[in-house]
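J.: Got a sequence here, can you model it:
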Amino acid sequence: MCKAENLVTSVKVEINAPASLVWDVLMDLASYPQWNPYTVRVESSLQLGEPVNLYLPDPTRPGEHLHVVETLVAFEPHALLSWEMRPTAQSKDAARRDQYIEAMGEDHCVYYTTDIFLGLNADATMKNFGAWVKQGFDAVALGVKQRAELLYAAQRTRGKHEFV
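T.: Below is the predicted model of the structure:
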């Protein structure tokens, strides 16, 4: 069952960079350790239906990582990237994460991310981890903004020099 109170939403950040560049930041999995404090490593083919291996700092064991395997369920370039955790025989935990990019013009967009906890453990997961996920998602949103704006500024500077 899906309940609104089990939805975590990050801050919405306005990014002074094109939606396509923000998408590129999300697709550059090898660079996640440089800007993403919540998901410090991601391994995936980025093909629909394929696994997404996520490595998150373990809030209960500083210095260690949680390894979570989810499945890529939505891939809409420059707009939406989603994966979900499905229940297994070992765990009834389930969730779906969506990352949204909304173009606001040629060189401006908005980014935010959500996670809905699903399944038998949804209420307990929200109670035990909701605040931690919210904090992590806010950090991701700010990290995406900082990374995209830095890359966009570098592109614009290179572009100006190319025409001089």
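
J.: CA atoms for contacts and neighbours, from now on please.
T.: Noted.

J.: To which secondary structure element is the closest residue in space to L29 that isn't next to it in sequence assigned?
T.: In space, and not counting its chain neighbours, L29 is closest to V42: 5.8 Å by C-alpha to C-alpha, 6 or more residues apart in numbering. Secondary-structure element containing V42, defined by DSSP states H and E: strand 41-44.

J.: Direction included, what does that strand pair up with?
T.: strand 51-57 (antiparallel) (DSSP bridges).

J.: Work out the gap between the strand it pairs with and the centre of the chain.
T.: A distance of 11 Å separates the C-alpha centroid of strand 51-57 from that of its chain, computed with C-alpha atoms, centre = their mean, to the nearest Å.

J.: show me what contacts the residue most central in space within the chain?
T.: If you average the C-alpha coordinates of the chain and look for the closest C-alpha using C-alpha atoms, centre = their mean, you land on Q99, 5.4 Å from that point. The contact partners of Q99, taken as C-alpha atoms under 8 Å, 6 or more residues apart in numbering, are 80-82, 111-114.

J.: Out of the residues you listed, who's the most crowded?
T.: With neighbours defined as other C-alpha atoms under 10 Å, the most crowded of these is Y111; it has 25 neighbours.

J.: can you pull the pLDDT of that one?
T.: The predicted structure scores Y111 at 98 on the pLDDT scale.

J.: for K145, same thing?
T.: The predicted structure lists K145 with a pLDDT of 98.

J.: That one: neighbouring residues, count only.
T.: Around K145 sit 22 other residues, with neighbours defined as other C-alpha under 10 Å.

J.: That one reaches I15, doesn't it?
T.: Yes. In this structure K145 lies within contact range of I15 using C-alpha atoms under 8 Å: 5.4 Å.
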